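Asker: Please work out how this folds:
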Amino acid sequence: AVVSTAEYGVETIRASIIQPNEALRLRALKACKDQADKDRVCGEEWLVSKTGAYLPGAYEQVVGTISAYILTENIALHLEALQSYKDRFGVERKSGEQWLITIKESEAFVPDVNEQVVQVVNISTLTNRQYCVILDPLGEDGKNKLGQRKLVKGDKSFFLQPGERLEAGIQDVHILGEDEALILKAVLGYEEDGKYRAPGHMWMVRGPCEFIPSIEMEIIDRRIAMPLDENEGIYVRDIKTGKVRAVVGQTYVINQDEELWDKPLPEQIEKLLSTEIDPLADRNARQQNQVAKARRKHKVVTYRVPHNAAAQIYDYKAKRARVIFGPDLVMLAPDEHFTQLSLSGGKPKRPNCIRSLCLLLGPDFMTDIITVETSDHARLALQLSYNWHFEHKRDPTDPSYNADSAALFAVPDFVGDACKALASRIRGAVASVPFDDFHRHSARIIRSSVFGFDDNMKVKGSFKFNANRLVITNVDIQSVEPVDQRTRDSLQKSVQLAIEITTNSQEATARHEAERLEQEAKGRLERQKINDEAEAEKARTELLKLQSLSAAVESTGQAKAEAQSRAESQKIEGQAAVEQSKLKSEAQNIEAESELKRINDARAGELDYVKATNTLDITKAKEMAQIETAKFQNMVTTLGAENIAKMLHPDTITSWLCSKLSVCSLLSSQTGLLLSTSSTLPRVSLEHSRATKV
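Answerer: I've put the predicted structure just below:
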């Protein structure tokens, strides 16, 4: 800080405090030496960055305090040399030269008085899914290569050097799906995979892949495959040849030599295609204003031909026409156009009232109003309705099918031409008859004039236009009105007179009919009276017969009743005796069966008892035999071999055998089974043989 006291002519100078990351900018007021004993010329500026208090000299002026720029890994400083000098890092800098200071050079940087901070540069970071193109990149000599480009792919972080700039910023890698492609164009000539691509050469890269364009190429367009149904298509034009074709019913990607082609159509046809009007159902609402939808002109033009209708398509390139019969879907080729129909409409008919792309084949009707004049100059307005249809070959294999189909469109306005032709025939026929005859026989005169007569002088059933196969099948006279007032008054009088005559005739007929019905009713009434009297006499005769029959029945009824009661009593007694005998017989059968069952049960019980007793005896005998056998074995074991040898004396054996035989005889007598004895003897013999061996 500097405190001036002008009244004393002295100046007080105070020391300036220099903080860390700060510097003091000084200016020499005249040639002097600074505190570092360095010569300074008048007006020269320099920095003092040593931390602490600094007291400027008498010829030093404090310009200001400069704070340092804190540099990080993401921030750099863009500097420009104001004049040629050597910076603090010992690098010679020329006036106007620009460079970057990063954290590698200094973490905190205070710009020198000969340096100017252009801007703070943030780091540019690319992920592995990004890339960028640097324009005018810095070369190895430290100078920008003007007009050149440099591709940098991620994953990478860098600072843009002075003079460098990004072409389109940081861009994402182009990820192409199966239905995507990129149209590329070579900017510089280069060789790729052994193939040289000249400048201006175009090609297409299809997915699925990841793509990063090199600096020798540029991306013209990114195209997506268009899935097309079998009833959808697009027009594609070859850029090289100019040929246009339709692609229908497939998934298609437009390549580098193709482009979408907009098919032009006349304005009226565009309007008919874009309005949602059914030619068949809405044929009476053609004149209403419909909202038109914009057509995508590169799409294949389609048109649904309704049932019982036909549309003609003309190919201007092949110079031939084809006729499509509905229901069907028409898809136009690039050189095909619809044949527009301009038909007459209204009542009376006016030309060019109805416009359509299809021809209805009928049956249908058309109404017209014509003016005729009779032979006595009575002018009448007739409103007639004609029923019509088209006759054509239905079989495509017929040789005349194509000619017959083309004939349908031979007459541009079949409605107007037919109405004019029929009106002419009717006018000629009406002009030859007076008004009274026409008034009485108008239907026959008009039908005969339209259809004509056959060989038998009968009115024909139809009239055919051979030019376009149109057939008129009926004529309906909807109204007949006189044109002039005089004729209208006379017609009104004749009509009133005819009505009076008809009314009187109907009244007389009704009166006569009422009298006739009255006489018939009286005759029927008399006849009914006679019939009723005859029926009454018949009823009285029947009553007398019934009375006599009742008396006879009354006299014979009591005797007959007694006889019948006795017969019934005897019958009941006989039936009771029969029933009693049956019951007795059944009781005896039951007693016999119960007795037989009792005897059978007793015998079965006795047999079971005997079987059980025998089983117990046999079991007892077996157990006794087992006991004896065990006893014998124990005795043999106890006596030993020597004692047994002494005991095997013939007399001893004989007595022992006799005792065993007596035991076996006793068992046989109890069970009645000789098998026990026969089985005992061999066992005794076996024991004897064993004893002998011992």
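Asker: show me what contacts the most centrally placed residue in the chain?
Answerer: What sits nearest the mean C-alpha location of the chain, by Cα atoms, centre = their mean, is residue 229, with 14.0 Å. Residues in contact with residue 229 (Cβ atoms under 8 Å, 6 or more residues apart in numbering) are residue 249. C-beta here means a position set from N, CA and C on the backbone, and glycine is covered the same way.
Asker: Distance check, it against residue 302.
Answerer: 11 Å (Cβ to Cβ, to the nearest Å).
Asker: now residue 296
Answerer: 11 Å.
Asker: So between those two, which is more surrounded?
Answerer: residue 302 (14 against 10; other Cβ atoms under 10 Å).
Asker: burial measure for the nearest residue to the more buried one once chain neighbours are set aside, as a count.
Answerer: Closest residue to residue 302 apart from its sequence neighbours, by Cβ to Cβ, 6 or more residues apart in numbering: residue 331 at 5.4 Å. Neighbour count of residue 331, defined by other Cβ under 10 Å: 18.
Asker: got it, and residue 370?
Answerer: Residues near residue 370, counting by other Cβ under 10 Å, number 19.
Asker: wait, isn't it in contact with residue 427?
Answerer: Yes: with contact defined as Cβ atoms under 8 Å, residue 370 reaches residue 427; the gap is 7.1 Å.
Asker: related to what we said a few turns ago, would you check that the residue nearest to residue 302 makes contact with residue 301?
Answerer: Yes: using Cβ under 8 Å, residue 331 makes contact with residue 301 at a distance of 7.3 Å.
Asker: for the stretch 251-400 of the chain, what are the low-confidence residue spans?
Answerer: Residue ranges of the stretch 251-400 of the chain with pLDDT under 70: 282-292.
Asker: Now with 90, please.
Answerer: Scanning the stretch 251-400 of the chain with the threshold set as pLDDT under 90 gives 268, 270-295, 326, 346, 352-355, 362, 374, 376-380, 392-400.
Asker: in it, which spans are strands?
Answerer: For the stretch 251-400 of the chain, the strands defined by DSSP state E, counting those that start in this stretch occupy 251-252, 258-260, 302-305, 309-315, 320-325, 328-331, 336-338, 341-345, 350-356, 359-360, 364-373, 379-390.
Asker: How about the stretch 451-600 of the chain?
Answerer: Remark: strands assigned in the stretch 451-600 of the chain by DSSP E, counting those that start in this stretch are 463-465, 470-482.
Asker: Export the ones you listed to CSV and append columns for distance to residue 265.
Answerer: As requested, the strands of the stretch 451-600 of the chain are exported to CSV (distance: least, Cβ to Cβ, whole Å):
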stretch, distance to residue 265
strand 463-465, 31
strand 470-482, 28
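Asker: who wins for proximity to residue 248 among those?
Answerer: Of all the strands of the stretch 451-600 of the chain, strand 470-482 sits nearest to residue 248, with 35.0 Å by Cβ to Cβ.
Asker: Pairing partners for that closest one, with directions?
Answerer: When pairing is defined by DSSP bridges, strand 470-482 lines up against strand 379-390 (antiparallel), strand 463-465 (antiparallel).
Asker: Which among those strands is found nearest to residue 64?
Answerer: Across the strands paired with strand 470-482, residue 64 has its closest neighbour in strand 379-390 (102.0 Å, Cβ to Cβ).
Asker: Can you give the distance of that closest one from its chain's centre?
Answerer: Relative to the mean C-alpha coordinate of its chain, strand 379-390 is positioned 49 Å out (Cα atoms, centre = their mean, to the nearest Å).
Asker: repeat for stretch 522-539
Answerer: Using Cα atoms, centre = their mean, the offset of stretch 522-539 from its chain centre is 83 Å.
Asker: for residue 226, phi and psi?
Answerer: Residue 226 adopts backbone torsions of phi -110, psi 110, taken as degrees, to the nearest 10.
Asker: Nearest to residue 389, out of the strands of the stretch 451-600 of the chain?
Answerer: strand 470-482 (5.7 Å).
Asker: Send me the closest one as CSV with only the CA atoms.
Answerer: Extracted in CSV, the C-alpha atoms of strand 470-482 (Å, rounded to 0.1, in the frame of the first residue of the first chain):
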residue,chain,number,x,y,z
LEU,A,470,-72.8,-52.9,-71.3
VAL,A,471,-76.2,-54.5,-71.0
ILE,A,472,-79.5,-52.7,-70.1
THR,A,473,-81.9,-55.1,-68.4
ASN,A,474,-84.8,-53.0,-67.2
VAL,A,475,-86.3,-49.5,-67.5
ASP,A,476,-88.2,-48.0,-64.5
ILE,A,477,-90.4,-45.0,-65.2
GLN,A,478,-90.2,-43.1,-61.9
SER,A,479,-92.2,-40.0,-62.9
VAL,A,480,-93.8,-38.3,-65.9
GLU,A,481,-94.3,-34.6,-65.6
PRO,A,482,-95.4,-32.1,-68.3
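Asker: got the buried residues for it?
Answerer: Under the neighbour-count criterion of 16 or more other Cβ atoms under 10 Å, strand 470-482 has 470, 471, 472, 473, 475, 480, 482 buried.
Asker: which one of those sits closest to residue 525?
Answerer: Ranked by distance to residue 525 (Cβ to Cβ), the buried residues of strand 470-482 are led by residue 480 at 51.4 Å.
Asker: Find me the pLDDT at that closest one, would you?
Answerer: For residue 480, the pLDDT comes out at 86.
Asker: so it touches residue 384, yeah?
Answerer: No: using Cβ under 8 Å, residue 480 is not in contact with residue 384; the gap is 9.7 Å.
Asker: what sits in contact with each of these two?
Answerer: In contact with both residue 480 and residue 384: no residue, using Cβ under 8 Å, 6+ apart.
Asker: Select, out of the strands of the stretch 451-600 of the chain, the one closest to residue 635.
Answerer: That would be, of these and by Cβ to Cβ, strand 470-482, which comes in at 139.3 Å.
Asker: Next, the angle strand 364-373 makes with that closest one.
Answerer: 40 degrees (axes from the mean of the first three to the mean of the last three Cα atoms, to 10 degrees).
Asker: ok, residues contacting strand 470-482?
Answerer: With contacts defined as Cβ under 8 Å, 6+ apart, strand 470-482 is touched by 363, 365, 367, 378-391, 411, 414, 418, 422, 439, 442-443, 446-447, 450-451, 461-465, 488, 491.
Asker: do that again at 7 Å, thanks
Answerer: 378-391, 414, 418, 422, 442-443, 446-447, 450, 462-464, 488, 491 (Cβ atoms under 7 Å, 6 or more residues apart in numbering).
Asker: Next, the buried residues of stretch 461-470.
Answerer: For stretch 461-470, a neighbour-count test (16+ other Cβ under 10 Å) marks 463, 465, 468, 469, 470 as buried.
Asker: okay, those residues in TSV with distance to residue 13 and pLDDT next?
Answerer: Formatted as TSV, the buried residues of stretch 461-470 follow (distance: Cβ to Cβ, whole Å; pLDDT from 0 to 100):
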residue	distance to residue 13	pLDDT
463	128	93
465	123	93
468	118	91
469	121	92
470	120	94
